[in-house]
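Participant: sequence? don't have it. structure:
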Ligand SMILES: Cc1ncc(COP(=O)(O)O)c(C=O)c1O
């Protein structure tokens, strides 16, 4: 099979083929992709997340030090000494696991403490934690929205949000477009019981910021509630890193604040913050919370400390923003199209799957770790290279990336 003639979406379902037949056909596609060295997913790291990471080359087996622009560890808290120490202490005190689901004996005092700290950090009455951000978004939405309700989603919302809406009606509005949102809100006003507008605070593939102040105003005007997913905003935007509501000075006005604990907070898990009655409702109806073992003590311990570090060491966020400004200037002066990116996520939009894969392959050969994002993650005309910056990247790392990208950009005629 010539894999360059297909995309992954072609194998999502194959007419008349059962799962084993479909798997065999997909294996042909993957094998050819691998032979062309276009497969840049699941690279194995031997060192963990850091600005420079040891990676095993999947084709040669060689161990290489790569400048790593694929991480969401925006403040490098995965390796922060205080965060590591707190994780060790929790591991020593409570052991490796929580032992049970949160409602039936799995709740530890450090889980409660983390939930209280998150509620305060997000200016909400209460918060609850999950073991993944995907599980918190999907599990919360599934528990809240039913067939008489409606989820009003931005077209670029994260998959965990879309999957959470399987039991309800979905209406989409054009990405970050307030006229489009207003039209949907007007049409939905008298048609559904609950209307919930759900947006990402910072969009994971585009790096732009939702117009949350306008979204909240419009939604409330038309009798809808708002949920924001702060996965890529927490720790990054807002004067104190509290995220999108802080960025727009509307803390306390968003009905549901969701997010992950796996990106700037450096560990793993997800959270929902809202009014106390709503959190209590979700705790008793969200199946991915009820039927899943509670977060590991080590993660909870690390996360409590990570929140403190975000509050007590603003210089980390300032360093991240110095890097964002420097790198943006470099990429735009070279002539790359960055769409509306404003944060630590830089999409280099190319609009040609094959070129994206080829350029990523060449970057990897130069020890530059960047991620290809192609159809169906984004539409074909918007396929891109996704770069994410962290506070720990140095000028040297960024200059090296700019040099390689400039030369490849010219070679592949994208600048
Ligand atoms: C916007 C957004 N929401 C939710 C998630 C899921 O979070 P987690 O990785 O913690 O499951 C991600 C990505 O991982 C994301 O980018």
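Facilitator: Received it, and whenever you're ready, just let me know what you need. Note that the structure is predicted; figures quoted are calculated from it, not measured. Numbers count the residues shown, from 1 in each chain.

Participant: can you pull the contacts of residue 165?
Facilitator: Going by C-beta atoms under 8 Å, 6 or more residues apart in numbering, residue 165 touches 141, 145, 151, 153, 198. C-betas here are computed from N, CA, C, even on glycine.

Participant: Please report the distance of it from the ligand.
Facilitator: Distance from residue 165 to the ligand, counting by C-beta to the nearest ligand atom, to the nearest Å: 14 Å.

Participant: rewinding a little: out of the contacts of residue 165, grab the one that's most surrounded.
Facilitator: Sorting the contacts of residue 165 by how many neighbours each has (other C-beta atoms under 10 Å) puts residue 141 first, at 29 neighbours.

Participant: Next, report how far stretch 209-220 is displaced from the centre of its chain.
Facilitator: Its chain's average C-alpha position is 20 Å from that of stretch 209-220, according to C-alpha atoms, centre = their mean, to the nearest Å.

Participant: which two from the contacts of residue 165 end up farthest apart in space?
Facilitator: Spatial extent of those (C-beta to C-beta) is set by the pair 145 and 153 at 11.1 Å.

Participant: For the protein, give the residue positioned nearest to the ligand.
Facilitator: Closest residue of the chain to the ligand, C-beta to the nearest ligand atom: residue 133 (2.4 Å).

Participant: The closest residue to that residue other than its chain neighbours pairs with what?
Facilitator: Spatial nearest neighbour of residue 133, chain neighbours left out: residue 260 (3.0 Å); criterion: C-beta to C-beta, 6 or more residues apart in numbering. Under DSSP bridges, the beta-bridge partners of residue 260 are residue 270.

Participant: care to break the protein down by domain?
Facilitator: According to automatic domain parsing, the chain comprises the domains 37-68+314-411, 79-312.

Participant: Buried deepest among the ones you listed, which one?
Facilitator: Of all those, domain 79-312 carries the top mean neighbour count, a mean of 20, counting by mean count of other C-beta atoms under 10 Å.

Participant: Would you mind giving the domains of the chain as TSV with distance to residue 15 and mean pLDDT added?
Facilitator: As requested, the domains of the chain are exported to TSV (distance: least, C-beta to C-beta, whole Å; pLDDT from 0 to 100):
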stretch	distance to residue 15	mean pLDDT
domain 37-68+314-411	18	94
domain 79-312	23	98
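
Participant: could I get those as a markdown table with distance to residue 24?
Facilitator: Shown next, in a markdown table, are the domains of the chain (distance: least, C-beta to C-beta, whole Å):
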| stretch | distance to residue 24 |
| --- | --- |
| domain 37-68+314-411 | 18 |
| domain 79-312 | 26 |
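
Participant: out of the ones you listed, which comes closest to residue 7?
Facilitator: Residue 7 sits nearest to domain 37-68+314-411 of all the domains of the chain, at 4.8 Å, using C-beta to C-beta.

Participant: Contacts (any at all) between the ligand and the closest one?
Facilitator: No. Judged by C-beta under 6 Å from any ligand atom, domain 37-68+314-411 and the ligand are separated, with a smallest distance of 9.4 Å.

Participant: can you check stretch 197-212 too?
Facilitator: Yes. Using C-beta under 6 Å from any ligand atom, stretch 197-212 comes into contact with the ligand via 200, 204.

Participant: can you give me the helices for the stretch 51-200 of the chain?
Facilitator: All helices of the stretch 51-200 of the chain, identified by DSSP state H, counting those that start in this stretch, fall at 81-94, 109-121, 133-144, 159-163, 178-188.

Participant: Buried residues of the helix or strand harbouring residue 27, list them for me.
Facilitator: Assessed by DSSP states H and E, residue 27 sits inside helix 19-35. Residues of helix 19-35 classed as buried by neighbour count (16 or more other C-beta atoms under 10 Å): 26, 29, 30, 32, 33.

Participant: so who does the closest residue to residue 366 other than its chain neighbours touch?
Facilitator: Leaving aside its sequence neighbours, residue 366 sits nearest to residue 404 (C-beta to C-beta, 6+ apart; 5.0 Å). Going by C-beta under 8 Å, 6+ apart, residue 404 touches 362, 363, 366, 368.

Participant: Checking my notes, residue 404 in a strand, right?
Facilitator: No. Counting by DSSP: H, G, I helix; E, B strand; the rest coil, residue 404 is not part of a strand but helix.

Participant: Turn the buried residues of helix 19-35 into CSV, columns for distance to residue 225.
Facilitator: Below are the buried residues of helix 19-35 laid out as CSV (distance: C-beta to C-beta, whole Å):
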residue, distance to residue 225
26, 40
29, 42
30, 42
32, 47
33, 43
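
Participant: from what I can see residue 401 touches residue 67, true?
Facilitator: Yes. With contact defined as C-beta atoms under 8 Å, residue 401 reaches residue 67; the gap is 6.5 Å.

Participant: which neighbours do the two share?
Facilitator: Applying C-beta under 8 Å, 6+ apart, one finds that residue 401 and residue 67 are jointly contacted by residue 368.

Participant: so how far does stretch 200-216 reach from one end to the other?
Facilitator: Start-to-end span of stretch 200-216 (C-alpha to C-alpha, to the nearest Å) is 13 Å.

Participant: what distance separates that stretch from the middle of the whole chain?
Facilitator: Its chain's average C-alpha position is 12 Å from that of stretch 200-216, according to C-alpha atoms, centre = their mean.

Participant: Just give me the longest helix of the protein.
Facilitator: Ranked by residue count under DSSP state H, the longest helix found in the chain is helix 314-334.
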